[in-house]
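Visitor: Okay, here's the prediction I keep looking at, along with the sequence it came from:
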Amino acid sequence: MKKRFVFIDAEMLLTIAGVMRNRRGDMMSKIKNYTGRTAAEILKATGQENTIPVNLSVILRKMEVSVISFDFSQFEKIMPDEVSRRGRILGAVMTAEEGRTAIFYSSDASLMSDHRYRFTVAHELAHCCLDGCTNHVEFRRDGEVNDENERRANVFAGELLIPIHQLESVSKRLLLPTVKNLAEVFEVSETVMLGRLKHLNRPDLYI
């Protein structure tokens, strides 16, 4: 399948690059060392293979990737057709020439809940690990994802936030392993948890 690149506005890149330059002191990244690794391998390499819920901050710190709150509203205004078609901007990932990598997430509190923040960051991290940190902007999509690169990133993010061995362990310990209860333990939305369970095709893990 031909790789599909998400449209990134030139002004957006320049603005984000400016933010990265201003934070030069803490932006050197080791993420290239993790490119091509599976979610399970990353969890083990960062000491999170047995942690419930997975501590994303530890993973990002080990990779030396910065996470920055960013106001995307100015860009949404200049690309109304893109926003109308794909939804609002949730986040972005950018790697500078020096190898510094940053993940940006929307500063709009009405859009970015704690659960959405975790999945957005994990999703952008997935693009880095799967695609080698190509610059990418994430739009909010409701419903089924048809783009193969986005689907792969969603699966990777699910594997990172909800590792199978931890999921099996929690499911056995919970008196009522419902989607809601499992989601609360792993600090993800019910939608993300249900998607993970369906992808695993393990109806025995929940009721």
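Guide: Here it is on my side, so go on. Numbering: from 1, shown residues only.
Visitor: pLDDT averaged over the longest helix that the chain contains, what's the number?
Guide: Looking across the chain with DSSP state H, the single longest helix is helix 114-131. Model confidence over helix 114-131, given as mean pLDDT, is 92.
Visitor: helices or strands up against whichever helix or strand comes after that helix?
Guide: Next helix or strand after helix 114-131 toward the C-terminus (DSSP states H and E): strand 136-139. Helices and strands touching strand 136-139, by 3 or more Cβ pairs under 8 Å, 6 or more residues apart in numbering; DSSP states H and E, are helix 80-86, strand 89-95, helix 114-131. Using the backbone N, CA and C atoms, a C-beta is placed for each residue, glycine as well.
Visitor: ok, and which of these has the densest surroundings?
Guide: Highest mean neighbour count among those (mean count of other Cβ atoms under 10 Å): strand 89-95, with a mean of 24.
Visitor: mind checking how far the residue of the chain positioned farthest from its centre is from residue 187?
Guide: In terms of distance from the mean C-alpha position of the chain, residue 175 ranks first, at 30.0 Å (Cα atoms, centre = their mean). Between residue 175 and residue 187 the distance is 20 Å, computed by Cβ to Cβ, to the nearest Å.
Visitor: want to throw the helices and strands packed on strand 136-139 into TSV with distance to residue 57?
Guide: Shown next, in TSV, are these (distance: least, Cβ to Cβ, whole Å):
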stretch	distance to residue 57
helix 80-86	28
strand 89-95	16
helix 114-131	9
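Visitor: for this structure, what spans make up the strands?
Guide: For the chain, the strands defined by DSSP state E cover 66-70, 89-95, 101-106, 136-139.
Visitor: model confidence over the third one, on average?
Guide: The predicted model gives strand 101-106 an average pLDDT of 90.
Visitor: re the thing from before, quick one: the strands of the chain as a markdown table, columns for distance to residue 113 too.
Guide: A markdown table is the format used below for the strands of the chain (distance: least, Cβ to Cβ, whole Å):
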| stretch | distance to residue 113 |
| --- | --- |
| strand 66-70 | 14 |
| strand 89-95 | 11 |
| strand 101-106 | 11 |
| strand 136-139 | 15 |
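Visitor: can you give me the helices for the chain?
Guide: Going by DSSP H, the chain shows helices at 10-22, 39-45, 56-63, 73-78, 80-86, 114-131, 148-161, 164-173, 179-186, 190-200.
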